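A.B. asks: fold the following.
(one chain, ligands or ions: 2)
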Amino acid sequence: MNYFPAFLKLDNKKVLIIGGGCIAFKKLEHLLDFTSNISLIALEFSNEMSTVIKEKKLHFEKRSYQKGDIKEFDIVIIAIDNIPLQAEIFEESKQYKCLCNSVDSTEYCDFIFPSYIKKDDLTIAISTSGSSPAVAKHLKRYLQKLIPSNICEFLQEMKELRKTLPKGKERMKILDKKAQNYINSWSDK
Ligand SMILES: C[C@@]1(CC(=O)O)C2=NC(=C\c3[nH]c(c(CCC(=O)O)c3CC(=O)O)Cc3[nH]c(c(CC(=O)O)c3CCC(=O)O)/C=C3\N/C(=C\2)[C@@H](CCC(=O)O)[C@]3(C)CC(=O)O)/[C@H]1CCC(=O)O
Ligand SMILES: NC(=O)c1ccc[n+]([C@@H]2O[C@H](COP(=O)([O-])OP(=O)(O)OC[C@H]3O[C@@H](n4cnc5c(N)ncnc54)[C@H](O)[C@@H]3O)[C@@H](O)[C@H]2O)c1
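C.D. replies: Ligands and ions are numbered 1, 2, ... in the order given. As a prediction, the model looks like this:
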């Protein structure tokens, strides 16, 4: 089965990252685009990680992972370089209601990180279901070049129009036509 694509609201969700190296940093950067309710536990934090932790005033503990650490969290990212421990934490997570991502195997993931493009309200997420993260990254770069910089203004305009017109079939038709014309105008260039 492939992964169900959903956009999660992270307000009031507590996120824990276990690990403080290069990959933990990548996951932290991506998460910070959507929430700052992030805590971290790691034996060692890289310099870039320590800088961001300080800058964003995130809660962190410099120590080894201990059983029970994930208990209070809704979302857990296991970004340590120890695969048996990744498996152990994933197994432990089954007794709680948290969702786990581990960076070395989809076997220990309830969800995976997509590659994404974010421009204000627009988010485009790409996944290869773990088949090739490199393809996800390069497809993102390709799509980034196709999307015009004025898309945010256009979305804002559509949002306003959607608010001012009364709900119903007529509104649907107007919005659909306007969206279609906008997207089609890209290939005219
Ligand atoms: C998309 C992105 C998002 C992000 O990190 O936020 C992301 N990986 C990215 C980059 C990347 N990762 C890797 C390379 C080297 C080339 C390659 O292997 O392809 C590159 C390319 C690079 O860094 O240039 C190596 C790698 N990745 C995973 C494993 C373990 C394994 O596959 O077993 C290994 C092998 C480790 C080893 O070598 O031992 C696993 C996962 N990586 C995922 C996400 C999830 C699946 C996403 C999907 O559906 O495709 C999943 C399953 C779990 C997860 O991490 O959530 C981000 C692009 C960010 C961007 O857009 O710029
Ligand atoms: N998902 C991805 O996109 C992706 C890409 C490349 C690599 N990886 C995998 O990610 C893993 C991490 O890679 P990295 O480059 O960040 O490694 P790293 O060595 O830079 O960092 C590992 C971190 O884990 C911490 N750690 C280790 N044992 C711990 C414990 N018991 N308790 C708390 N913290 C502990 C270390 O202190 C360190 O901060 C590797 O196993 C690698 O294969 C994943």
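A.B. asks: need the residues of this structure near ligand 1, please.
C.D. replies: 26-27, 30, 101, 103-106, 109, 112-115, 127-130, 132-134, 136-137, 140 (Cβ under 6 Å from any ligand atom). C-beta coordinates here come from the backbone N, C-alpha and C atoms, glycine included.
A.B. asks: drop anything exposed from the residues you listed.
C.D. replies: 27, 101, 103-104, 109, 112-115, 127-128, 136, 140 (16 or more other Cβ atoms under 10 Å).
A.B. asks: and the furthest pair within those?
C.D. replies: For these, the farthest-apart pair by Cβ to Cβ is Asp104 and Lys140; their separation is 21.7 Å.
A.B. asks: quick one: buried residues of stretch 139-158?
C.D. replies: For stretch 139-158, a neighbour-count test (16+ other Cβ under 10 Å) marks Lys140, Ile151, Phe154, Leu155 as buried.
A.B. asks: residues contacting it, please?
C.D. replies: 115-117, 119-122, 124, 126, 175, 178-179, 182, 186 (Cβ atoms under 8 Å, 6 or more residues apart in numbering).
A.B. asks: so which of these reach ligand 2?
C.D. replies: Near ligand 2, judged by Cβ under 6 Å from any ligand atom, there are no entries from the contacts of stretch 139-158.
A.B. asks: which of the residues you listed lies closest to ligand 2?
C.D. replies: Ser115 (9.9 Å; Cβ to the nearest ligand atom).
A.B. asks: please parse the chain into its domains.
C.D. replies: Domain segmentation of the chain under automatic domain parsing yields 15-113, 114-147, 151-187.
A.B. asks: deepest-packed of these, please.
C.D. replies: domain 15-113 (a mean of 17; mean count of other Cβ atoms under 10 Å).
A.B. asks: distance between the ends of that one?
C.D. replies: 14 Å (Cα to Cα, to the nearest Å).
A.B. asks: re earlier: so which of the buried ones among the residues of the chain next to ligand 1 are in strands?
C.D. replies: Residues of those located in strands (DSSP state E): Asn101, Ser115.
A.B. asks: reformat the buried ones among the residues of the chain next to ligand 1 as TSV; add pLDDT.
C.D. replies: Shown next, in TSV, are those (pLDDT from 0 to 100):
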residue	pLDDT
Lys27	98
Asn101	98
Val103	97
Asp104	96
Cys109	97
Ile112	97
Phe113	98
Pro114	98
Ser115	98
Ser127	97
Thr128	96
Ala136	98
Lys140	98
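A.B. asks: residues touching whichever residue of the chain sits closest to ligand 2, list them.
C.D. replies: Closest to ligand 2 within the chain is Gly21: 2.1 Å, counting by Cβ to the nearest ligand atom. By Cβ under 8 Å, 6+ apart, the contact set of Gly21 is Ala42, Glu44, Ser46, Met49, Ala79, Asp81.
A.B. asks: mind running it again at 6 Å?
C.D. replies: By Cβ atoms under 6 Å, 6 or more residues apart in numbering, the residues touching Gly21 are Ser46.
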